[in-house]
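> got a predicted model here, sequence first, then my questions.
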Amino acid sequence: MAITIKQLHPLFCAEIGRVDTGEPMDDATFAEIQAAFEEHSVLVFHDQTLDDEKQIAFSRRFGPLETAGKANPAAGTHFARQSNLDIRTGTVIPPEDRRMVYQKGNYLWHSDSSFKAVPSLCSLLSARVVPPEGGNTEFASMRAAYDALPDDRKRKLEGLVAEHSLVYSRETVSTEALTPEMKAELPGAWQAMVRVNPVNGRKAVYAGAHASHVIGSPRQEGRALIQWLNDFATQPRFCYSHAWLDGDLVIWDNRATLHRATAYDTVRHKRLMQRTTVGGDLPTVKQPERYELAEE
Ligand code: OGA
Ligand code: MN
């Protein structure tokens, strides 16, 4: 039985029906999901029966998984844990705790792992505990944004490269978010500012909160361009807001979308989302021998 596809936004995002990603899946069904992923950039699945093991098994069909870095509470595993619940005790983490401050970085529009030399293909976020209100995840189509850019802006972006860094983006939120040990693991990366989908040739702006400056441009000028692009791309007309239900799985294309978390009452409500992240296959541009350290 084929999957069903229902468009959720005029420009991107689709709800996929008649499939449980927690069950073994034949290649033909997976191929339909992959085709929908390339086409719609964000896929929403309801009533999934995923646990950690099944999520890893399904995610691996897209490619090899990334391992969470030192900054995430689930460091060393294939999960990035987005939660206000302590991983050992299950109790609510106080808002001033470094782990909660670190998660505030997710309120900024970003593309997962854009600070890695080989950035992520896609992320899969599975809702395990959903707060009764708040805590939506919002998505912006960087393809729709690219298409809507004025032609001279498109031409200027061609061939431009930006440096992306998690240290940079987290420090725009708080200098306490990362320890020196975490920073040592995060050199940053260079990325093309326009990405082309290998299946359908569609172009997307590639920027987001980790993008710090443009290589070869004065730092403030590059930063202003990135800010302009991020603001342009995240206008409401290019965005979809996902209100989570228990059992939802959302898959997004990190090459063609930005996303951000939205607030919820982290003291009164519980939220637990498990993210698996599928790695990409190649750097988007040749990497430098050594990254310039961000001086102001
Ligand atoms: C992520 C992320 C947003 C959220 O998992 O990569 O940014 O709403 N999550 O938890
Ligand atoms: Mn994210």
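Structure received. Ligands and ions are numbered 1, 2, ... in the order given.
> now do the strands in the stretch 51-200 of the chain.
Ranges of strands within the stretch 51-200 of the chain are 80-83, 120-129, 137-141, 161-164, 189-192, 194-196, based on DSSP state E, counting those that start in this stretch.
> is it possible to get CSV of those that adds mean pLDDT?
Shown next, in CSV, are the strands of the stretch 51-200 of the chain (pLDDT from 0 to 100):
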stretch, mean pLDDT
strand 80-83, 94
strand 120-129, 98
strand 137-141, 98
strand 161-164, 98
strand 189-192, 98
strand 194-196, 98
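> could I get these as TSV with mean neighbour count and distance to ligand 1?
C-betas here are computed from N, CA, C, even on glycine. What follows is the strands of the stretch 51-200 of the chain, written out as TSV (neighbours: other CB atoms under 10 Å; distance: least, CB to the nearest ligand atom, whole Å):
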stretch	mean neighbour count	distance to ligand 1
strand 80-83	21	4
strand 120-129	22	5
strand 137-141	25	4
strand 161-164	24	15
strand 189-192	22	17
strand 194-196	19	18
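> for the ones you listed, which one sits closest to Thr175?
Distance to Thr175, taken as CB to CB, is lowest for strand 161-164 among these, at 18.8 Å.
> how far does that closest one sit from the chain's center?
A distance of 17 Å separates the centroid of the chain from that of strand 161-164, by CA atoms, centre = their mean, to the nearest Å.
> and what of stretch 76-83?
13 Å.
> export it to PDB, keeping only CA atoms.
Taking Å, rounded to 0.1, in the frame of the first residue of the first chain, the C-alpha atoms of stretch 76-83 are listed here in PDB:
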ATOM      1  CA  GLY A  76      28.600  10.100  22.400                       C
ATOM      2  CA  THR A  77      25.300   8.600  21.300                       C
ATOM      3  CA  HIS A  78      23.400   8.900  18.100                       C
ATOM      4  CA  PHE A  79      20.900  11.200  19.800                       C
ATOM      5  CA  ALA A  80      20.800  14.900  20.300                       C
ATOM      6  CA  ARG A  81      18.300  15.200  23.200                       C
ATOM      7  CA  GLN A  82      16.100  18.300  23.300                       C
ATOM      8  CA  SER A  83      14.600  18.200  26.700                       C
END
